[in-house]
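In: starting from these lines, generate the structure:
(one chain, ligands or ions: 1)
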Amino acid sequence: MKRNKKIYTYYTPKQVCTDNIKDLSFSQSPLKPKLLMERIDTLGFSEMLDLKSDFKPLNKKDFKIAHTNQYVENVFNKTGNYKSNSLPWSKNLVNSLGYTNASLYHAKRHAILHPESVSFAPISGMHHARPSSGSGFCTFSGQVISAIKIYEEFGLSGAYFDLDGHFGNSIEDTREFNPLLNKAIPKGCNVNPFGNNEEYTADFARKLVLIGNLIKSGKIHYVVFAHGADSHMDDDLGWNCDTYHWVKCAEMFANWVNEISNEIGKPLPVTLALFGGYRKNNYTAVLDLHIKSILKISNIVCGTSFKDNLEIPEKYPILTK
Ligand SMILES: [Zn+2]
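Out: I've put the predicted structure just below:
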């Protein structure tokens, strides 16, 4: 199946929040898009990506697709439950949210319009937000908002392979608030594998088959692969997979994309996203895990031949200053 060699990436520095994150926030996710792009550059993998930076942010009206008027206003105006995302509030943070959410929306839209290109939204926290509050470092439900916008525009339904270490509750928690979500991401299409190492990859394999069947029967039209680094067992918030099994998931996904594309006779639209990842003593390990995953997909799906020599150090001993 013919694919573009480069992964089409929706990244702008505007999707990064720098205010108070490094020192005051447990989660470094608002900085992650920038840190990841810099790391990709440092390692000499920039050629893997085609960057698209001039895209418009989502706005309040878009956020209200998945959230109450009150909650959206609270986040914008620093009132009420604006702290429910557990991130330090700043104008910079609010501005960045429009762009992180837009990055995912545009990346998905691009994959649908140009399925020969794998697309990439270098974004994290989204999948714990609820209609009337943020949660677990997530402010707005970007995957819900983008899926409903895509459904309204194209009448297409998607599936999420959410391989973050934590269950992506946003989708299930928003079904009642906006029932269009039942069409945009049908029940059973918010995939969160469970277990440890072999158990985890076996569960993922089963779920790939289920979603594959829905694609072949025309019920699902695109997929998003969100390979959260906190499903790695050395993550501060993770326990699922060692490096071998974590990377194996990217390999399984990439091979599955090729198989399904061959079976349906056209390239399956694929979008990549980052989601979680927390290692206080070595954030580079989080970035390198994400890069290992993207390299696998680039090599297997896009037909590149990048060498991955990245070593992921074990969590212990903890480095001290
Ligand atoms: Zn997580």
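
In: below-threshold pLDDT in the stretch 1-150 of the chain: ranges please.
Out: 21, 24, 26 (pLDDT under 70).

In: and the strands in it?
Out: Using DSSP state E, counting those that start in this stretch, the strands of the stretch 1-150 of the chain run over residues 7-10, 49-52, 119-121.

In: cool, and the stretch 151-300 of the chain?
Out: 158-162, 190-191, 222-226, 270-273.

In: check these for me and report the most buried one.
Out: strand 270-273 (a mean of 28; mean count of other Cβ atoms under 10 Å). In this view, the C-beta of every residue, glycine as well, is placed from N, C-alpha and C.

In: chain center to that one, what's the gap?
Out: 7 Å (Cα atoms, centre = their mean, to the nearest Å).

In: quick check on the residue in the stretch 201-321 of the chain positioned nearest to the ion: phi, psi?
Out: Proximity of the stretch 201-321 of the chain to the ion (Cβ to the ion) peaks at G276, 3.0 Å away. Backbone geometry at G276, expressed as degrees, to the nearest 10, gives phi -70, psi 180.

In: surely E198 touches D242?
Out: No - counting by Cβ atoms under 8 Å, E198 does not reach D242; the two are 10.5 Å apart.

In: hmm, back to that, and V75, which of the strands of the stretch 151-300 of the chain is closest to it?
Out: Nearest to V75 among the strands of the stretch 151-300 of the chain is strand 270-273 (20.9 Å), distances taken as Cβ to Cβ.

In: so what does the closest one touch, helix or strand wise?
Out: helix 91-113, strand 119-121, strand 222-226, helix 283-301 (3 or more Cβ pairs under 8 Å, 6 or more residues apart in numbering; DSSP states H and E).

In: tell me which of these sits most buried.
Out: Mean neighbour counts for the helices and strands packed on strand 270-273 (mean count of other Cβ under 10 Å) peak at strand 119-121, with a mean of 31.

In: strands paired with that one, and their directions?
Out: strand 7-10 (parallel), strand 270-273 (parallel) (DSSP bridges).

In: how far is that strand from where the chain is centred?
Out: 9 Å.

In: and the contacts of that strand?
Out: When contacts are defined by Cβ atoms under 8 Å, 6 or more residues apart in numbering, strand 119-121 is touched by residues 7-10, 49, 100, 103-104, 106-108, 110-111, 270-274, 294.

In: about what we covered before: any idea how far I150 is from the residue of the stretch 201-321 of the chain closest to the ion?
Out: 23 Å (Cβ to Cβ, to the nearest Å).

In: picking that back up, the residue of the stretch 201-321 of the chain closest to the ion against H166, yeah?
Out: Yes - the pair G276 / H166 is scored as a contact, 6.6 Å apart, by Cβ under 8 Å.

In: is K292 in contact with D308, as I believe?
Out: Yes - in this structure K292 lies within contact range of D308 using Cβ under 8 Å: 5.8 Å.

In: and of the strands of the stretch 151-300 of the chain, who's closest to R39?
Out: Nearest of the strands of the stretch 151-300 of the chain (Cβ to Cβ): strand 270-273, 15.6 Å.

In: tell me if that closest one is near the ion.
Out: No - counting by Cβ under 5 Å from the ion, the ion has no neighbours in strand 270-273; the shortest distance is 12.3 Å.

In: hmm, back to that, of G276 and I150, which one has the most company?
Out: Taking neighbours as other Cβ atoms under 10 Å, G276 and I150 compare with G276 leading, 31 against 23.

In: return the residues in contact with that one.
Out: Counted by Cβ under 8 Å, 6+ apart, G276 has contacts 29, 124-125, 137, 164-166, 228-230, 235, 237.

In: distance to E38 and neighbour count for those residues - can I get that in a markdown table?
Out: Below are those laid out as a markdown table (distance: Cβ to Cβ, whole Å; neighbours: other Cβ atoms under 10 Å):
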| residue | distance to E38 | neighbour count |
| --- | --- | --- |
| S29 | 15 | 25 |
| S124 | 16 | 30 |
| G125 | 19 | 28 |
| F137 | 21 | 22 |
| D164 | 22 | 27 |
| G165 | 24 | 22 |
| H166 | 26 | 18 |
| G228 | 20 | 31 |
| A229 | 16 | 31 |
| D230 | 21 | 24 |
| D235 | 21 | 23 |
| L237 | 23 | 20 |
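
In: pLDDT wise, what is the closest residue to the ion within the stretch 101-250 of the chain at?
Out: For the stretch 101-250 of the chain and the ion, the shortest gap (Cβ to the ion) falls at H166, measuring 3.7 Å. With respect to pLDDT, H166 scores 94.

In: give me every residue that touches it.
Out: Per Cβ under 8 Å, 6+ apart, neighbours of H166: 127-128, 136, 228, 230, 237, 276.

In: same thing with F55?
Out: F55 touches 10, 12, 99, 102-103, 106, counting by Cβ under 8 Å, 6+ apart.
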